[in-house]
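Undergrad: The following block contains a protein sequence and its predicted model.
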Amino acid sequence: MAQRLHLKELLNEYLRIFRTEFQSSLNLKSVIKGHIDFVPVQDVPNRVNGIWIAPEPMTIDRVMLPKELQITYNFRVVYVRRIGVNENVNEAKVNDILTITEKIIDKFKLEDLTLTNAQVLWSFPVSVDPEPPEDVYVAAIAAELVAMAFNIQTVVRTNHRL
């Protein structure tokens, strides 16, 4: 049977991009697959500055018979960082949001990723939240932690006809 779903490959490509592109510019300690609340509370401060990425619900549309598919994958990305004592929180968040969003837009075709029987049509941030619910969660863990979140949508079209 031919492969039609590529969630694992896309998730691993985002992990690779975040590690290679942001390791030094955002001083990352970790890039983690899954939601931040899956990490034990006492471990969160040790993984900051960190990025968490988790798949969200996806949609599958039949494009053309016989069964050519267009699949929309959704990913939630949460970036958590430590704020310095004299650092302007809002300015720091805006700068980090710009850094991350611009790089995601630059990589909109995911050119380094080869999928079996499919191609990425586009990958794009569809929303950016400077004060997501995760911000309250991490602030409750440690006052110097802040979070921002991004929702990325990736559209893939299968080339395989069944």
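TA: Great, that's in hand.

Undergrad: and the residue nearest the centre of the chain, bridged to which residues?
TA: Closest to where the C-alpha atoms of the chain average out (Cα atoms, centre = their mean) is Val77, at 3.5 Å. Residues in a beta bridge with Val77, per DSSP bridges, are Ile53, Phe150.

Undergrad: for it, what are its contacts?
TA: Residues near Val77 by Cβ atoms under 8 Å, 6 or more residues apart in numbering: Tyr14, Phe18, Ile51, Trp52, Ile53, Ile100, Ala149, Phe150, Asn151, Ile152. Every residue, glycine included, has its C-beta placed from N, CA and C.

Undergrad: So for stretch 109-116, first residue to last residue, what's the gap.
TA: End-to-end distance of stretch 109-116 (Cα to Cα, to the nearest Å): 16 Å.

Undergrad: what's the offset of that stretch from the middle of its chain?
TA: Distance of stretch 109-116 from its chain centroid, counting by Cα atoms, centre = their mean, to the nearest Å, is 16 Å.

Undergrad: Relative to Leu69, how far out is the residue nearest to the centre of the chain?
TA: 25 Å (Cβ to Cβ, to the nearest Å).

Undergrad: Could you do Asp129 as well?
TA: From Asp129 across to Leu69, the span is 30 Å (Cβ to Cβ).

Undergrad: what about these two, which has more around it?
TA: Neighbours were tallied for Asp129 and for Leu69 using other Cβ atoms under 10 Å; the higher tally belongs to Leu69 (20 against 16).

Undergrad: The helix or strand the more buried one falls within: which residues count as buried?
TA: Assigned by DSSP states H and E, Leu69 belongs to strand 68-82. Neighbour counts over strand 68-82 (16 or more other Cβ atoms under 10 Å) mark 68-71, 73, 75-82 as buried.

Undergrad: Name the residues that touch the helix or strand following that strand?
TA: Once the chain leaves strand 68-82, the next helix or strand it forms, by DSSP H and E, is helix 89-106. Contacts to helix 89-106, defined as Cβ under 8 Å, 6+ apart, come from residues 17, 21-22, 25-26, 77, 79, 81, 83, 123-125, 128, 130, 146, 148, 150, 152.

Undergrad: Good, wrapping up.
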